[in-house]
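Visitor: structure, please.
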Amino acid sequence: MKSRKVYVLFLYLFILFLIYAQNNQHVAKIDLLLGNVNIYQNGGWIEAGLNQKLYVGDLVETKKDSYAEIIFKDENIKIEVEEKTKIEIKKFEKREKTIKSFFGKIWNRIKRVVGQKYKVETKYGSAGVRGTEFAVELIPEGGLDVICEKGEIYLKNNKGEEKIIKEGFKSGVTPGDDFKRTEKWDEKDLGIKRKRRENIKLLNNIFYYKKKVEYWTEKLSNGKKMDNVKMMESRISNFYVFYKLTEKKISTVIDNEIYKTHKNYKKFRFLMDELQNLYKKYQVIKKLITLEKRSIKILRSFRYKLYLFKNRFYNVLKEIGSFNTWISQAKLALKTGREIDLYKTQARKIYNILNNYRNLRRDYLNYKRLESELKRKKLFSKSSRLIKEQKRIDSLLKNFKIQQDNRFLVLPFERLQRIFSELIFFFNSRDGKELLE
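Guide: Numbering: from 1, shown residues only. As a prediction, this is how the structure comes out:
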């Protein structure tokens, strides 16, 4: 008998515990937050936090330039609470849910309405769902205003009279319990609201943008090496797309006074500074890539011209031997008239080489200027392609084998000017001009 009493008592306590647990389960949470939003919970007002749980009987109040979104546990109902608004979660049952509005404006978004009731109560009347999205605004001296964005809603005054509001229209109840005129509503307010909602989401998503900026900080710092220019071009192109989209989004937030109260506002200002610094890096890398590509073209062109000149130069030397010896022999041929045609042919070949040298000399001076610029900008240390081209060119410039007075000399390109100056002097003389006729 005693054990039976203990069992009944235990069962009674267990049922009480289940009822208590059910009553103390949260029914909704704060899904989006901006500014100064307070919650009345457990007998006192507290500051609202993101993802904070809400219970039946809780009050939510938004101050000036503030905003909150409440999503219910079943994710079927979302309430967007505008600034200067106060509401209560009055009832949350499987088939019936009720919100009480004291003042201000709320937007209600309902996914499914089959088998359940949802309504918003005010002191002037109530509005309920026969649609999916509607707004309720309570103005203490102006009565109740409702907007039906989608579907259909019913409006009821305190006299018990009911009115249907269709999609795209608005109406309301006056302080005297009469229905207001039904008329079209201006959808531009909806566009402003949606844009603000996107901005608040962006502010709450600081971690995502911070990670993105960190990612690009690392990627752009890898611009110290330019071994794969195509990959670098693709990388900075992707960064530019990210920069333009992100800069536009963040600017709309940090340039708007109403978002200054958000806890992440200062972080986004700092993030914008980092983003602008990255953009400066991007500009530097882009200029370096352009310079590297242009330099490679110039160096390769100069190397090819230098290679051709060197081959022609050696072919002429192979045929005539030493330049100063040839000049003496050519002068003798003009006096004696012997083998004059041979020396005229050779003179034209030497004169062509001389012209090649003049042109190449200009290219050489341009190469030295470019080389100085690349060294100043430390681009040789970044691009292995440039280093290879520089080494190949330097190798061609250093080794010019020349016969002079029965001796063979190895001269750099810079010292060829002295030899060619003797040829220029000869071809400007009467004998030289005669051979070129």
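Visitor: what count of nearby residues applies to residue 63?
Guide: When neighbours are defined as other C-beta atoms under 10 Å, residue 63 has 13 of them. (Glycine included, C-beta is placed from N, CA and C.)
Visitor: what do you get for residue 325?
Guide: Residues within reach of residue 325, counting by other C-beta under 10 Å, total 14.
Visitor: got it, and residue 351?
Guide: By the criterion of other C-beta under 10 Å, residue 351 has 17 neighbours.
Visitor: so which bits of stretch 413-424 are buried?
Guide: Neighbour counts over stretch 413-424 (16 or more other C-beta atoms under 10 Å) mark 413, 416, 419-420, 423 as buried.
Visitor: now do it, average pLDDT.
Guide: This predicted structure assigns stretch 413-424 an average pLDDT of 84.
Visitor: kindly export that stretch (C-alpha atoms) in CSV.
Guide: Extracted in CSV, the C-alpha atoms of stretch 413-424 (Å, rounded to 0.1, in the frame of the first residue of the first chain):
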residue,chain,number,x,y,z
PHE,A,413,78.6,45.3,-76.6
GLU,A,414,79.3,48.7,-75.0
ARG,A,415,82.9,48.7,-76.4
LEU,A,416,81.9,47.9,-80.0
GLN,A,417,81.2,51.6,-80.4
ARG,A,418,84.9,52.4,-80.8
ILE,A,419,85.3,49.9,-83.6
PHE,A,420,82.1,51.0,-85.4
SER,A,421,83.2,54.7,-85.1
GLU,A,422,86.2,53.9,-87.4
LEU,A,423,83.8,52.4,-89.9
ILE,A,424,81.5,55.4,-89.7
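Visitor: got a list of contacts for that stretch?
Guide: Defining contact as C-beta atoms under 8 Å, 6 or more residues apart in numbering, one finds that stretch 413-424 is touched by 306, 323-324, 327, 350, 354, 357, 361, 364, 396-398, 400, 402, 404, 411.
Visitor: which of those residues tops the neighbour count?
Guide: Neighbour tally across these (other C-beta under 10 Å): the maximum, 27 neighbours, falls on residue 350.
Visitor: how about it, secondary structure?
Guide: For residue 350, the secondary structure call by DSSP: H, G, I helix; E, B strand; the rest coil comes out as helix.
Visitor: residues contacting it?
Guide: For residue 350, the contacting residues are 316, 320, 323, 326, 423, by C-beta under 8 Å, 6+ apart.
Visitor: what's the answer for residue 210, then?
Guide: Residues in contact with residue 210 (C-beta under 8 Å, 6+ apart) are 267, 271.
Visitor: so how far is the strand or helix carrying it from its chain's centroid?
Guide: In the assignment (DSSP states H and E), residue 210 maps to helix 206-221. Mean-position distance between helix 206-221 and its chain equals 10 Å (C-alpha atoms, centre = their mean, to the nearest Å).
Visitor: how about it: buried residues?
Guide: For helix 206-221, burial by neighbour count (16+ other C-beta under 10 Å) applies to 206, 209-210, 213, 216, 220.
Visitor: what's the helix or strand just after that helix packed up against?
Guide: Note on helix 206-221: by DSSP H and E, the next helix or strand toward the C-terminus is helix 229-254. For helix 229-254, the elements it packs on are helix 188-204, helix 206-221, helix 265-320, judged by 3 or more C-beta pairs under 8 Å, 6 or more residues apart in numbering; DSSP states H and E.
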